[in-house]
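Visitor: Give me a 3D structure for the following:
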Amino acid sequence: MRNVFKGTIHGKLIELDELSDLPDGQQVSVVVQPTGSLNLPPGEGLRRSAGAWADGTEADLDQYLEWTRQQRKRPGREISP
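Guide: Okay, here's the model as predicted:
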């Protein structure tokens, strides 16, 4: 039996838009898939996807990239077969 229900998340609870025919207390598996859009302002989705870099400056990114370049120049461990 597989039903698709729409609902709204409220913390740890999901409020369904319509009743199901399952008994109260029935355990179920849930796959959460957002519907619609959040109507984010232009650029906000990209900012959110930047994670820790979202609030960083260009200088922070330059410093990180330079550190990465220096790490790549260091000799690595030998890999034995």
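
Visitor: pLDDT weak spots in the protein?
Guide: 1-2 (pLDDT under 70).

Visitor: Output the longest helix belonging to it.
Guide: helix 58-73 (DSSP state H).

Visitor: what does that helix contact?
Guide: Contact partners of helix 58-73, identified using CB atoms under 8 Å, 6 or more residues apart in numbering, comprise residue 53. (C-beta placed from N, C-alpha, C; glycine too.)

Visitor: mind checking how far it is from the chain centre?
Guide: 25 Å (CA atoms, centre = their mean, to the nearest Å).

Visitor: Repeat that for stretch 23-38.
Guide: A distance of 17 Å separates the centroid of the chain from that of stretch 23-38, by CA atoms, centre = their mean.

Visitor: ends of that stretch, how far apart?
Guide: End-to-end distance for stretch 23-38, by CA to CA, to the nearest Å: 32 Å.

Visitor: Give me the contacts around it.
Guide: With CB under 8 Å, 6+ apart, stretch 23-38 has contacts from 6, 9, 14, 22.

Visitor: Could you export the residues you listed to TSV, including columns for distance to residue 68 and neighbour count?
Guide: TSV is the format used below for those (distance: CB to CB, whole Å; neighbours: other CB atoms under 10 Å):
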residue	distance to residue 68	neighbour count
6	44	10
9	38	10
14	42	13
22	52	12
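
Visitor: Which of those lies at the shortest distance from residue 57?
Guide: Of all these, residue 57 sits closest to residue 9, with 34.0 Å by CB to CB.

Visitor: measure that closest one to residue 33 for me?
Guide: 12 Å (CB to CB, to the nearest Å).

Visitor: Name the helix or strand for the closest residue to residue 54 other than its chain neighbours, please.
Guide: Leaving aside its chain neighbours, residue 54 sits nearest to residue 47 (5.1 Å; criterion: CB to CB, 6 or more residues apart in numbering). According to DSSP states H and E, residue 47 maps onto helix 44-49.
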